[in-house]
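> predicted model, plus sequence, below.
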Amino acid sequence: MKIDLHVHTKHSPDSISSIERIIKTAKKKGMDAVAITDHDTAKGWREALKVSKKLNFPVVLGEEIMTITDGRKTGEILGLFLNEEIKSREPMEVIDEIKSQDGVVVIPHPFDNQRITLKNIKKYLKFIDAIEAFNSKVNSKSANLKAFEFAVENKIGTTGGSDAHIWLNVGNAYTVANASDLESFRKAIKNGKTGAYGRMRPSYTKFFPKIAKIYKTIFSRS
């Protein structure tokens, strides 16, 4: 199976992409499923499941959580295969909450110098299921290479995700596993039996997240 494990919808503050359009794009680009991983919210899950059933296309319920320690942002954690929204914000508590749902803990874009990334990753290694080794939105290809090398060096699994904030980029990066359904795919990630592949997003889509934020700010006031 081939799944884009990192996608943002209109329920993220920096995206205006509809869930149906995201799922249709994933299907068109040859994905076998797609993960809905909005920033700090599960608001899109119900609609995602509804559209999933309508289009007969599997979705993974997830969330990208910004962790906070002593009032400061300390980097994001990607929770996949979830059943409930993550309420915690302290890094270890977030990990524990994901684990309590038998979910998958992934550290996204760990070496992207343009974003707040989780500090002291090695401190959490034994609790992490995978490193996002290919993210098509990172600032440079070297950030992905460093993530992959870090995963290999520390003998931890890898995932790939587009980190799409617009439907055009869905499927640009993905995770591959020898799996026949979502449950066996989940187990493959936990067992380190996955591969991360993809290509960088087109340069003309770079500013879409900022545009989406501005758009939402303007229309939220009207």
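Right, received. Where do you want to start? No experiment lies behind these values; they were computed from the predicted model shown. Numbering: from 1, shown residues only.

> show me where pLDDT drops low in this structure?
219-222 (pLDDT under 70).

> now do the buried residues in the host helix or strand of V152.
Element membership of V152, judged by DSSP states H and E, is helix 141-153. By neighbour count on 16 or more other CB atoms under 10 Å, the buried set for helix 141-153 is 143-144, 146-148, 150-151. Placement of C-beta: from N, CA and C, glycine included.

> cool, and stretch 152-160?
Buried, per 16+ other CB under 10 Å, within stretch 152-160: 156-160.

> before we move on, what about stretch 78-85?
So, applying 16+ other CB under 10 Å, buried residues of stretch 78-85: 78-82.

> ok, now stretch 196-203?
For stretch 196-203, using 16+ other CB under 10 Å, the buried residues are 196, 198, 200-201.

> ranges for the strands of the chain?
2-7, 33-36, 59-69, 72-80, 104-107, 130-135, 157-161, 173-177, 194-198 (DSSP state E).

> how far off helix 141-153 does the last one point, in degrees?
If you take axes from the mean of the first three to the mean of the last three CA atoms, to 10 degrees, strand 194-198 sits at 170 degrees to helix 141-153.

> show me what strand 194-198 is in contact with.
For strand 194-198, contacts defined as CB atoms under 8 Å, 6 or more residues apart in numbering pick out 130, 132-134, 136, 148, 157-160, 162, 172-177, 188.

> same thing but at 6 Å, please
Strand 194-198 is contacted by residues 133-134, 136, 157-160, 172-177, 188 when judged by CB atoms under 6 Å, 6 or more residues apart in numbering.

> export these to a markdown table and tack on distance to E64?
Formatted as a markdown table, the contacts of strand 194-198 follow (distance: CB to CB, whole Å):
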| residue | distance to E64 |
| --- | --- |
| A133 | 16 |
| F134 | 16 |
| S136 | 15 |
| G157 | 18 |
| T158 | 17 |
| T159 | 13 |
| G160 | 15 |
| N172 | 17 |
| A173 | 15 |
| Y174 | 17 |
| T175 | 15 |
| V176 | 21 |
| A177 | 21 |
| A188 | 21 |
